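Colleague: I need the structure of the sequence given here:
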Amino acid sequence: MAVLSLTPLPARLASESYLLRLSLASRATGRGSLRTLAILLGASDPDEVAWGELRYPDTSILRNLVVERYAASTARRHLAALKGVLKQAWRLQLMETDAYLRAVDLEPPPRLDPAPRQALSGQQIRALLLACRDGSDVGQRDLALLLLMVSTALRRSEAAHLDLDDVDGNRVTVRHAKGGRTREVWLPPSAQRPLLRWIRIRGDWPGPLFPRLRGVGAGHGRMGGEAVNQVLARRARAAGLGHCTAHTLRRTALTALLETGDMDLSAVSQVAGHATTQTTAMYDCRRPRAAGLAAAEAMERLLSPEPHR
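Modeller: Sure thing, here's the model as predicted:
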């Protein structure tokens, strides 16, 4: 397979220009996918790969390696990055049209039956938060981070990109939301108090709200989206929970908002930062009985001649 180019500058242009076309929140994920692909190709960094020299035999083998080694959703993400960087190589005239069309003509990963969508119960959330209360600064940071996410339905990349200046009392401004949109979320007191305690520990220096606390540049480097998932996975193991990701917290928060019956799907969609209510509906994990009872209670309020006190 073609890996190293004799002219490193054009090779680097393809990967760099592909990443620059992504949103700021998606670049870390995109670079991670390119790094995975580069390693499978025998390189150590995406900039070392001559993407424009790859041909269908190369990409076909690469596709099979990705499908064999990764879950279907992860494989789709890596293959999307592959097709994206090859398209940039074609746009930069590093690849002929016929070679490009053949190289990206790949079978998608097989779609397995998705696992049931689940939201955490109240007991599970309490166990998760309790696992953060270990008396350490890292524990206080993790507690504030996870409480913020589960109470506002933030994506992991949105939480990672928050700065100290984005917090104003119980209002948090999300400036790096998906699609380049900006929105505001409000914290309940149970989430605001731990966040304020964390800010006192963190200090008032400008920069990331949730910095790394270990390794080079400890206390100042920004956590990435993957680091947020690692924090959650570590605390979930300590709490005795199963597989738990930032998406699980987001699904839990949106389901809880829908279960209250106080907000319709459109309002919950605004909290989530979704472009359409159809996307929000995919996060609804209410049990049929709970949804039915909520509907019955709503209808009772509508039909009752007297307002309920």
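
Colleague: Please look at R197 and A144 and confirm they touch.
Modeller: Yes. Under the criterion of C-beta atoms under 8 Å, R197 makes contact with A144 at 7.2 Å. The way it works is simple: take the backbone N, C-alpha and C, and place the C-beta from them, glycine included.

Colleague: Which residue of these two possesses the greater neighbour count?
Modeller: Under the criterion of other C-beta atoms under 10 Å, the comparison of R197 against A144 puts A144 first, with 24 against 13.

Colleague: need the helices for the chain, in chain order.
Modeller: Here the chain has its helices, by DSSP state H, at 8-20, 24-40, 56-69, 72-91, 97-103, 122-132, 137-152, 156-160, 189-202, 225-238, 246-260, 265-272, 277-281, 288-303.

Colleague: And those helices: which comes nearest T182?
Modeller: helix 156-160 (10.5 Å; C-beta to C-beta).

Colleague: So which other helices or strands are in contact with that closest one?
Modeller: Helix 156-160 sits against helix 24-40, helix 137-152, helix 225-238, with contacts defined as 3 or more C-beta pairs under 8 Å, 6 or more residues apart in numbering; DSSP states H and E.

Colleague: now for these, which one comes closest to R12?
Modeller: The nearest among these, by C-beta to C-beta, is helix 24-40 at 11.5 Å.

Colleague: Enumerate every residue touching R197.
Modeller: Q140, A144 (C-beta atoms under 8 Å, 6 or more residues apart in numbering).

Colleague: and the helices of the chain, which is most packed in?
Modeller: Highest mean neighbour count of the helices of the chain: helix 156-160, a mean of 24 (counted as mean count of other C-beta atoms under 10 Å).

Colleague: what sits up against that one?
Modeller: For helix 156-160, contacts defined as C-beta under 8 Å, 6+ apart pick out 25-26, 28-29, 145, 148-149, 174, 176-178, 208, 210, 222-225, 227-229, 246, 273.

Colleague: rerun that using 10 Å as the cut-off
Modeller: Helix 156-160 is contacted by residues 23-29, 145-146, 148-149, 152, 154, 172, 174-178, 183, 185, 208-210, 222-229, 231-232, 245-247, 249-250, 273 when judged by C-beta atoms under 10 Å, 6 or more residues apart in numbering.

Colleague: low-confidence ranges in the stretch 201-309 of the chain?
Modeller: Along the stretch 201-309 of the chain, the model assigns pLDDT under 70 to residues 214-219, 259-309.

Colleague: Would you confirm that D204 contacts L164?
Modeller: Yes. Under the criterion of C-beta atoms under 10 Å, D204 makes contact with L164 at 7.0 Å.

Colleague: Have a look at the two and say which one is more surrounded.
Modeller: Using other C-beta under 10 Å as the criterion, D204 and L164 rank with L164 on top: 16 against 7.

Colleague: what's the spacing between the more buried one and R183?
Modeller: 18 Å (C-beta to C-beta, to the nearest Å).

Colleague: One more: A72?
Modeller: The value you get for A72 to R183, if C-beta to C-beta is used, is 31 Å.

Colleague: How about L254?
Modeller: 14 Å.

Colleague: P108 too?
Modeller: Counting by C-beta to C-beta - P108 and R183 are separated by 32 Å.

Colleague: got a list of what the closest residue to T245 other than its chain neighbours touches?
Modeller: Among residues not flanking T245 along the chain, N229 sits closest, at 5.6 Å (C-beta to C-beta, 6 or more residues apart in numbering). N229 makes contacts with R156, A160, C244, T245, A246, H247, as judged by C-beta under 10 Å, 6+ apart.
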